[in-house]
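Colleague: Predicted coordinates and the sequence they were generated for:
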Amino acid sequence: MAKARAIPGLGEDDPYARVAAAVVATRAEELIEHSAGVLNIADIERVHAMRVATRRLRASLEVFEPCFPRKPYKRALREVKALADALGERRDRDVAILALAGFSAAVGEADRPGVEGLIAHLRAEQQQANLELEPAVAPERLAELSAQLDGLVAAARALAVDGPGDSYGDGDRPGSPR
């Protein structure tokens, strides 16, 4: 599993919004980096690494929610969750196939055809999950998500500079009157 990238240049006295911008920017970059080769079913660690990156990004977004305008935040979080779900569907099959392949080597010859049949069934499901994952990781879709996340980062940076006033200009920050 890919280790989370350190976020240099942050100090304990930095404003919350500045930290939010730096953390979300870094986690978003990691997510995009891990998308390379994610549809390659021969290298199941790629989908795992990207799935972990979505969980880190989601946690960062949730922790720093007060720093983002409500509607763009909800839209981006929904996209990250949907991506994580699609990655999870593929990952579930990857893990099951890996476990059954090890099990198949350990069972007797009489039981091996049954285990191999189950593996074949899971490989078909893996292919289907990969087809369903494909649009979620298409370059244009990831570019759109990246742009949404860049917007959140920019809003947090503006909040760090402007202070706690209504830096969104429309009262559309989480916790603002609806």
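Modeller: That came through, no problem. Numbering: from 1, shown residues only.
Colleague: The residue most central in space within the chain and residue 139, how far apart?
Modeller: For the chain, the residue nearest the mean C-alpha position is residue 54 (1.5 Å; CA atoms, centre = their mean). Relative to residue 139, residue 54 is positioned 17 Å away (CB to CB, to the nearest Å). Backbone N, C-alpha and C define where each C-beta goes, glycine included.
Colleague: How about residue 21?
Modeller: 25 Å.
Colleague: Please spell out which residues along the helix or strand containing residue 78 are buried.
Modeller: Following DSSP states H and E, the helix or strand that holds residue 78 is helix 70-106. Neighbour-count burial for helix 70-106 flags 70, 72-73, 76-77, 79-80, 83-84, 86-87, 89-91, 93-94, 96-97, 100, 104 (criterion: 16 or more other CB atoms under 10 Å).
Colleague: Also stretch 118-125?
Modeller: Neighbour count says stretch 118-125 has 119, 122 buried, by 16+ other CB under 10 Å.
Colleague: Repeat that for stretch 28-40.
Modeller: Buried-residue list, stretch 28-40, by 16+ other CB under 10 Å: 28, 30, 31, 32, 34, 35, 38, 39.
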